[in-house]
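Visitor: From the sequence below, what's the structure:
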Amino acid sequence: MSTKWLKTLGTGLALTLAAGTVSAETLRVATDPSFVPFEMLDQETGEMIGFDMEIIAEVAQRAGFDYTINTMDFNGIIPALQTGNVDIAIAGITITAEREKIVDFSDPYYDSGLRILVRNDNNDVTELSDLEGLKIGSKIGSTSYDFLKKNLDKNDGVTPYPGSADMYMALMSGAVDAVFYDAPNVGYFARTKGEGKVRTIGKLYEGQQYGIALKNGSEWVDEVNNAIASMQEDGTYKTIYEKWFGPMPEGK
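Guide: Next comes the predicted model:
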């Protein structure tokens, strides 16, 4: 029988879920609680919920490991894998050649990209080039921040924030002119807390794929990949996807 309990360690949150097998290995999973709707803290239950949380629960069950979830800032996740403080991470982590040099990745489990978010009354920004010289919020350690610094000539106004909530607050208050970040996250904000106040514009930039990151040399890569493949084959992935994002695009 599965068991679930919540415990707090210092200022960090550790959520422990056991798959119910006495012999199963318990792996430490890192995530960033601010990347909605992939992972977020349910204020009523105190539990981590979201698309990624349902994916890792299903992967663990199929791969045969128990796990504990530890929340941390996104920019601390890869270093935590490098030092061995955690074994696996799932937090909308884009697979990049640079990251693949220091951690292992599963096969991709989500296709994404980057998108612009502006206030509803902003009609001046329609594409990336319109962001030249403006104040733009992005997230520390994210590919969106790197993309802006690389692709804008006038990028002094690009401001990295520690969490997505911070940059959205900055946009709503007028501290920044736009936000540039992962498309599913800005889209979710525009449909929920920012509804009627902000909107996404333009196309997707820099098509990206998210992967589950594992510490370098992990013995669990094949098991995780097999779990992802089986979820896609039997329709479980589609069910989880459409719960959080609506109808799955054709061809997925």
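Visitor: Pull out the buried residues from the longest strand anywhere in the chain.
Guide: Ordering each strand of the chain by length in residues (DSSP state E) puts strand 198-210 first. The neighbour-count check on strand 198-210 (16 or more other Cβ atoms under 10 Å) flags V198, R199, T200, I201, G202, Y205, Q208, Q209, Y210 as buried. C-betas here are computed from N, CA, C, even on glycine.
Visitor: Same check on stretch 96-116?
Guide: Of all the residues in stretch 96-116, those buried under the rule 16+ other Cβ under 10 Å are R99, V103, D104, F105, S106, Y109, Y110, S112, G113, L114, R115, I116.
Visitor: right, and the pair among those with maximum separation?
Guide: D104 and I116 (32.2 Å; Cβ to Cβ).
Visitor: Please compute how far stretch 123-143 lies from its chain's middle.
Guide: Put simply, stretch 123-143 sits 20 Å off its chain's centre (Cα atoms, centre = their mean, to the nearest Å).
Visitor: Distance check, the residue nearest the centre of the chain against P108.
Guide: In the chain, the centroid-proximal residue (Cα atoms, centre = their mean) is G92; its distance is 2.5 Å. According to Cβ to Cβ, to the nearest Å, G92 stands 12 Å off from P108.
Visitor: any residues in contact with both of these two?
Guide: Common contacts of G92 and P108 (Cβ atoms under 8 Å, 6 or more residues apart in numbering): Y210.
Visitor: S129: how many residues sit nearby?
Guide: Here the number of neighbours of S129 (other Cβ atoms under 10 Å) works out to 10.
Visitor: for E195, that is, sorry about that
Guide: 11.
Visitor: Quick one: residues contacting it.
Guide: Contacts of E195 by Cβ under 8 Å, 6+ apart: none found.
Visitor: would it count as being in a strand?
Guide: No - secondary structure of E195 (DSSP: H, G, I helix; E, B strand; the rest coil): coil, not part of a strand.
Visitor: ok, which stretches of the stretch 51-200 of the chain are helices?
Guide: For the stretch 51-200 of the chain, helices defined by DSSP state H, counting those that start in this stretch occupy the ranges 51-63, 77-83, 97-100, 143-151, 164-173, 183-191.
Visitor: tell me the average confidence for the longest one?
Guide: Averaging the model's pLDDT scores along helix 51-63 yields 98.
Visitor: Number the chain from 274, please
Guide: Sounds good: first residue 274 from here, last item helix 324-336.
Visitor: Contacts only, for Y434.
Guide: Contacts of Y434 (Cβ under 8 Å, 6+ apart): G410, S411, K412, I413, M440, A443.
Visitor: let's go with 10 Å and repeat that
Guide: With contact taken as Cβ atoms under 10 Å, 6 or more residues apart in numbering, Y434 is in contact with 307, 410-413, 415, 418, 440-443, 449, 452, 454.
Visitor: try V332
Guide: Per Cβ under 10 Å, 6+ apart, neighbours of V332: 302, 338, 340, 361, 363, 379, 382, 485, 493, 496-501, 503-504.
Visitor: Quick one: buried ones out of the residues you listed?
Guide: Buried members of these, scored by 16+ other Cβ under 10 Å, are 302, 338, 340, 361, 363, 379, 382, 485, 493, 496-498, 500-501, 504.
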